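J.: got a structure for you, letters missing:
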């Protein structure tokens, strides 16, 4: 186990911490920018760094298809290839295989699938393959291969899932090669059944990982269900390991999850929104395509210090209307900047012991939008 | 007349100069990045500045359609609106009206046209309108409205064109409001008839402008014809005013035109190429989509210091193959960087009195591509 995690301060279940990797440190609670195909879409890595992002997420499924694990390894790993020299976490590829590819067969051994990207060649992804590809990518944090169920699901299906996830987690852990500054996380599943979340957490902590993810949430269930599953899981996880809530979420999701003991997040929301004219602000979200911004001389968010907010809403609106690439670039950077400002404010508030107050003030402002 | 131009050094017809405007200075020979719709496509203005670009060109046709001259004026002008605080030249809109819009009627008074952009509303663009809109845009260098003929054309058509261009130039000059640090350029036409180029140059210098453009070239004629028309025109233009060759061109076009006394250029080539996988290098151009770059660990151009050249060809190739926005952004910046390096080297070589040698060495390397 060779990823260092320090809890610097706690307030209730909320933690202010630090993860140290072979490619530098990131502060928690942390939001990881999604860098699917070795790029955080529409941004240079300098622009990503400027937002305050300290760790990015790479998608193993996309990268194994294009340009391939062998090629990235030959290029010296994902850091060198992409020019992002900070910490990188990669997912296992399992979620995308099951949602984006043409699933051929799922078995105890692994997943067989084809993809339109390479013309339908058959691929096989077992826990050992996923860990090997993530090793080729030189990922600082490897995720164990799991199976993510859609909600709602049946108790029977979820029970089988939890047990197989544990067996795959064991195989992933065994395949992982320990190196200083690198680690592997297991993923707690269990759908929306508290007793299965508990069982899964117990199975994974018995195997022993450098961190624990909570998977299978933010898949369509109500926020209340998600919060309940998090609150069920985090108390069963070791306090000296980081906890990562996968694929989450809105600013309000993040605040609720931090309150329940989560340290790490990733979500396409800020970056995807940036390519679809949606802007995050401290007063809620705005659709920059809206004609009311045509002659609006205010910045997107007057408390934001990002480059887009040195310009005005009328200009951003103009770029979006003209389908200019710069519109997507500026909005993506703004949204990521907004998310990282939120994470920084969360970290500061935990340090200062006033997280609860910060949270309620943020929510009040964010939901009483304009 | 209130645009200051200084010739710092000459070598043959080639000149090393400086233009001073209300929004700063640019060194000549200068390459203006094309910023059609208040954005140099795919780049932030910081990225544009990093390339060494000192002056950008805005397209009056695009801007009058979207977001409109009134709106840009209300926003405080193009500099403030776009965040480009350096010098801006705008074209007259005439070239695009005649090439991009649905021309309804062309008369002595002006051009009537419709555009799909605003659902076919009839617009009228007279010389006075063009100058007014460029004033609203707060352009440092206004271009007189002209009519650009396609080549080849007839002598009769070209004669009529030259005379009307002179009358429109007079009306444009009269409509222009002199201000310190702002100026207006006339445009020499005359197709590929030397006697008409001479006549047009004489007509325009009689009116008197802050600078003179050579228009109606790079419209499909051989490079040799273009060079001959430039060489016919520049000796007839005042030596104390800048000369601008519109819409040109390739690196070799630029070198030949500088040799014949041209000071300013604009062209979509580097920026458009950046969005279509073409990379400029000191050894010629490359199509980055080509499979041979799949595992190429060299930078695009090993003499280039741009951000893309800190990464390798394999990464750029990967981005292009995945249709990632970052591919267009990095290549656009690289190409503009390449053009500005060329302009800087041209300026240095004129200063040092070895332009001819620089030119022949550049051409040898550029055309003996790999």
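T.: Structure's in. What do you need? Predicted, not measured: the structure shown is a model, and the values here were computed from it. Residues are numbered from 1 along each chain as shown, chains lettered A, B, ... in the order given.

J.: Run the chain-centre distance for stretch A:330-347.
T.: Averaged C-alpha coordinates place stretch A:330-347 at 14 Å from its chain's average position (CA atoms, centre = their mean, to the nearest Å).

J.: Could you list the buried residues of it?
T.: Residues of stretch A:330-347 classed as buried by neighbour count (16 or more other CB atoms under 10 Å in any protein chain shown): A:330-343, A:345-347. C-beta here means a position set from N, CA and C on the backbone, and glycine is covered the same way.

J.: Repeat that for stretch A:208-221.
T.: Quick answer for stretch A:208-221 (16+ other CB under 10 Å): A:209, A:210, A:211, A:212, A:213, A:214, A:215, A:216, A:217, A:218, A:219, A:221.

J.: and it, how far apart are its ends?
T.: 29 Å (CA to CA, to the nearest Å).

J.: Please apply the same query to stretch A:57-70.
T.: Stretch A:57-70: ends 19 Å apart by CA to CA.

J.: Spell out which residues of the stretch 251-370 of chain A are next to chain B.
T.: Residues of the stretch 251-370 of chain A lying close to chain B by CB under 8 Å from any CB of the partner chain are A:294-295, A:297, A:307, A:310-312, A:314-315, A:318-319, A:321-322, A:324-326, A:328-330.

J.: which among these end up buried?
T.: Buried among these by 16+ other CB under 10 Å: A:295, A:307, A:311-312, A:314-315, A:318-319, A:321-322, A:324-326, A:328-330.

J.: Return the subset of the residues you listed lying in strands.
T.: Among these, DSSP state E puts none in strands.

J.: for the record, mean pLDDT for stretch A:113-124?
T.: If you average the pLDDT over stretch A:113-124, you get 89.

J.: In helices only, show me the buried ones among the residues of the stretch 251-370 of chain A next to chain B.
T.: A:314, A:315, A:318, A:319, A:321, A:325, A:326, A:328, A:329, A:330 (DSSP state H).

J.: residues touching residue A:182, list them.
T.: Contacts for residue A:182 (CB atoms under 8 Å, 6 or more residues apart in numbering or on different chains) come out as A:2, A:3, A:21, A:22, A:139, A:140, A:141, A:142.

J.: Let me know whether the first one touches residue A:178 as I believe.
T.: Put plainly, it is residue A:2. Yes. Contact between residue A:2 and residue A:178 holds when scored by CB atoms under 8 Å: they sit 5.7 Å apart.

J.: For the residue of the stretch 151-300 of chain A found nearest chain B, grab phi and psi.
T.: Proximity of the stretch 151-300 of chain A to chain B (CB to the nearest CB) peaks at residue A:295, 6.1 Å away. Main-chain dihedrals, residue A:295, degrees, to the nearest 10: phi -130, psi 30.

J.: And the buried ones among the contacts of residue A:182, selectable in ChimeraX?
T.: Buried residues among these (16+ other CB under 10 Å), as a ChimeraX selection:
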select /A:3,21,139,140,141,142
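
J.: Using JSON lines, please lay out the contacts of residue A:182 together with distance to chain B, pLDDT and secondary structure.
T.: Listed next are the contacts of residue A:182 as JSON lines, based on distance: CB to the nearest CB, whole Å; pLDDT from 0 to 100; DSSP: H, G, I helix; E, B strand; the rest coil:
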{"residue": "A:2", "distance to chain B": "28", "pLDDT": "86", "secondary structure": "coil"}
{"residue": "A:3", "distance to chain B": "27", "pLDDT": "95", "secondary structure": "coil"}
{"residue": "A:21", "distance to chain B": "22", "pLDDT": "98", "secondary structure": "strand"}
{"residue": "A:22", "distance to chain B": "21", "pLDDT": "98", "secondary structure": "coil"}
{"residue": "A:139", "distance to chain B": "17", "pLDDT": "98", "secondary structure": "coil"}
{"residue": "A:140", "distance to chain B": "19", "pLDDT": "98", "secondary structure": "coil"}
{"residue": "A:141", "distance to chain B": "22", "pLDDT": "98", "secondary structure": "strand"}
{"residue": "A:142", "distance to chain B": "22", "pLDDT": "98", "secondary structure": "strand"}
